[in-house]
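Q: build me a model from this:
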Amino acid sequence: MISAVTQDKDSVVTCLEETRHSFQTGDYVTFSEVEGMTELNGCEPREVTYLGPYKFSIGDTSRLSPYVRGGICTQVKMSETLQFKSIKEAMDEPQFQLTDFDKMERPAQLHIAFQALHVYRKKHGSLPKPYNKEDAAKFLEEAKTVNEGAKAKIDKIERSCSG
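A: Now for the predicted structure:
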């Protein structure tokens with residue numbers, strides 16, 4: 001709820017004393033029920049600059065009619081376009097989020113291992129059997145082949161991912 005809006009190049013909107021706004025710099029807002037500065041009612045979203053818990057700036061209002069009283073300010077979520085790598089690019093040039101600095105090689109190992117697992121299943125019609133030395137040897141060969149063909153090669157394929 002609004003208690004004042006200055007008519008200025010860097011207009012300051014002041015909220016009622018009991019009502020803190022939760023806006024941050026970069027948020028967008030629109031207005032309704034404003035008396036006086038009616039051009040704000042239903043206006044295009046305006047970008048906020050945080051000035052304090054009860055004040056924020058909305059840019060130039062110097063050409064609008066003077067504010068009289070009242071009004072409600074509502075945050076507007078703006079659409080945003082995000083860009084991602086293609087799946088091929090992400091597979092060829094992975095970016096890993098490290099969570100365990102004792103095992104910094106682990107994400108790259110797992111990246112190769114999961115690719116090898118898909119190749120193994122496609123080639124053999126099933127996943128490797130647990131504790132089966134023959135399947136483990138076949139899987140290790142698939143992992144080495146995947147690693148050789150990878151742009152993001154790892155130095156050494158470890159046989160165990162435990163501990």
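
Q: tell me where the longest helix sits in the protein.
A: helix 106-124 (DSSP state H).

Q: run through the neighbouring helices and strands of that helix.
A: helix 133-149 (3 or more Cβ pairs under 8 Å, 6 or more residues apart in numbering; DSSP states H and E). From N, CA and C alone the C-beta is placed, and that goes for glycine too.

Q: between the helix it packs on and helix 106-124, how many degrees?
A: 110 degrees (axes from the mean of the first three to the mean of the last three Cα atoms, to 10 degrees).

Q: picking that back up, buried residues, the longest helix of the chain. List them.
A: 106, 108-109, 111-113, 115-117, 119-120 (16 or more other Cβ atoms under 10 Å).

Q: so how far is that helix off the chain centroid?
A: Centre-to-centre, helix 106-124 and its host chain are 28 Å apart (Cα atoms, centre = their mean, to the nearest Å).

Q: now do that helix: everything it contacts.
A: 91, 94, 96-98, 100, 127-128, 138-139, 142-143, 145-147, 150, 152, 154, 157-158, 161 (Cβ atoms under 8 Å, 6 or more residues apart in numbering).

Q: report the mean confidence score over stretch 71-82.
A: For stretch 71-82, mean pLDDT rounds to 91.

Q: ends of it, what's the gap?
A: Distance between the two ends of stretch 71-82: 34 Å, counting by Cα to Cα, to the nearest Å.

Q: next one: stretch 121-130
A: End-to-end for stretch 121-130, by Cα to Cα: 14 Å.

Q: what does stretch 49-59 contact?
A: 5, 10-15, 17, 19-21, 23-25, 29, 46-48.

Q: quick check: buried residues in that stretch?
A: For stretch 49-59, using 16+ other Cβ under 10 Å, the buried residues are 49, 51, 56-58.

Q: phi first, then psi, for the residue found closest to Gly70 once you drop the neighbours it is linked to in the chain.
A: For Gly70, ignoring the flanking residues on the chain, the nearest one in space by Cβ to Cβ, 6 or more residues apart in numbering is Glu35 at 5.0 Å. The phi/psi pair for Glu35 (degrees, to the nearest 10) reads phi -100, psi 130.

Q: try the one 10 residues further on
A: Dihedral pair for Pro45: phi -50, psi 140, per degrees, to the nearest 10.

Q: same question, the one 10 residues further on
A: Main-chain torsions, Lys55, degrees, to the nearest 10: phi -140, psi 150.

Q: re earlier: mind giving me the PyMOL select for the contacts of helix 106-124, buried ones only?
A: Isolation of the buried members of these (16+ other Cβ under 10 Å) is achieved in PyMOL through the command below:
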select buried, resi 128+138+139+142+143+146+147+150
